[in-house]
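[1] Mind folding the following:
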Amino acid sequence: MRFSIIIPVYNVEAYLRDCLDSVLRQSFSEWEAVCVNDGSTDGSAAILEEFAAKDCRFKVISKANGGLSSARNAGIEKAKGDYILFLDSDDWLEDKALEVLSENTDSEDMVCFSGRRYFESKGKFQTSDQLIERWYASGMDYYNDNALQRRDFAFVCVVLRAYRRDFLLKSGLRFKDGIYHEDNLFTPLACYYAKDVRSLNECLYTYRVRSESITTTYNSKRLSDLMETANELAAFFIPRYGFNKIIIYRAITHHYQDVFQKSALEGKKTLKKQCDWKLYHTVSRTKLRHRANYIKNRLKCLI
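    Purely as a prediction, here's the structure:
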């Protein structure tokens, strides 16, 4: 089996057929779709069973609701393909996505591509970001070239890559349960462990932007989870890179800044207790140091 497509499903009956049909339309046939029903209470389970009945390549796993990370992790454990892709259940793959990947994957740990966004409320597509066709000797080379580039489809999104299954299993990479911003934590770690990466200038994925999705819904937990993610990334990378002025430090500093800039005053009082200030000051020793000091001065009364 060449590709395993992991599709977490939770109460998306209005969009699920579009997603699954996009898999059926693939011009490359060596795939399985591992559909993880994460405790859906609408008609999603029935749709999954319908597709599984008409094509045995659809595998359905049913579990109690545990969130996106839990569903993706369950899919990783069941996947059999050489490469794993993650497909959100309200999005879709372009028709020749797997064919393009089959022609451009060998033994790389990750193969990266671009995507476009579809704005449901406007019925309009946004053109895809352009990537450089390149092979990288390490995941961090790839990260340093791309992580801070201006783009419409966030670099950290895990749906923009195919991952060699053995690479995920041997490195122990999994998504952290129970948090938002799971991609922000997973992607830098995947880049750290990856030995070779290929980048394709191909748009293979369409992301549906809808107002009620978890990625567009604001709440205080999202900010708290982003703070937790920033702390964990800093704790992971500082012992490995010391006080070097590197791209990953700048990205982590951006996470800390986003938390405080997007929170109300009462939220700042809570989040400042959650922030590991020693880690924060270490990663802020970059070209963004002046910005870090600005944040510190604004929070002087809270620290």
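
[2] Okay, now the unreliable bits of this protein?
    Within the chain, the set of residues satisfying pLDDT under 70 comprises 212-218, 265-266, 286-303.

[3] which helices and strands sit right next to the strand ranked longest in it?
    Criterion DSSP state E: the longest strand present in the chain is strand 197-209. Packing partners of strand 197-209 (3 or more C-beta pairs under 8 Å, 6 or more residues apart in numbering; DSSP states H and E): strand 92-93, helix 97-103, strand 110-119, strand 134-136, helix 139-146. All C-beta atoms are positioned from the backbone trio N, CA, C, and that covers glycine.

[4] nearest residue to Ser49 other than its sequence neighbours?
    To be clear, residue 49 is Glu; Ser isn't right here. Nearest residue to Glu49 in three dimensions, chain neighbours excluded: Val60, at 6.5 Å (C-beta to C-beta, 6 or more residues apart in numbering).

[5] Can you name the residues in contact with the helix or strand harbouring the one you found?
    Element membership for Val60 (DSSP states H and E) is strand 58-63. With contact meaning C-beta atoms under 8 Å, 6 or more residues apart in numbering, strand 58-63 is reached by 20, 23, 32-39, 45, 48-49, 51-52, 70-71, 74-75, 78.

[6] repeat that with 6 Å
    Strand 58-63 is contacted from outside by 32-37, 48, 51-52, 74, using C-beta atoms under 6 Å, 6 or more residues apart in numbering.

[7] now these as JSON lines including distance to Gln126?
    Output for the contacts of strand 58-63, formatted as JSON lines (distance: C-beta to C-beta, whole Å):
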{"residue": "Glu32", "distance to Gln126": "30"}
{"residue": "Ala33", "distance to Gln126": "26"}
{"residue": "Val34", "distance to Gln126": "29"}
{"residue": "Cys35", "distance to Gln126": "27"}
{"residue": "Val36", "distance to Gln126": "28"}
{"residue": "Asn37", "distance to Gln126": "30"}
{"residue": "Leu48", "distance to Gln126": "29"}
{"residue": "Phe51", "distance to Gln126": "28"}
{"residue": "Ala52", "distance to Gln126": "33"}
{"residue": "Ala74", "distance to Gln126": "31"}
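
[8] Which two among those residues are spaced furthest apart?
    Based on C-beta to C-beta, the longest span within those runs between Phe51 and Ala74 and measures 18.1 Å.

[9] can you give me the helices in the protein?
    For the chain, the helices defined by DSSP state H occupy 13-24, 44-54, 68-78, 97-103, 139-146, 165-171, 182-193, 220-241, 247-262, 265-274, 277-283, 289-298.

[10] And those helices: which comes nearest Asp91?
    Each of the helices of the chain has some distance to Asp91 by C-beta to C-beta; the shortest is helix 13-24, at 6.3 Å.

[11] now that closest one, how far from the chain's geometric center?
    From the chain centre to the centre of helix 13-24 is a distance of 20 Å (C-alpha atoms, centre = their mean, to the nearest Å).
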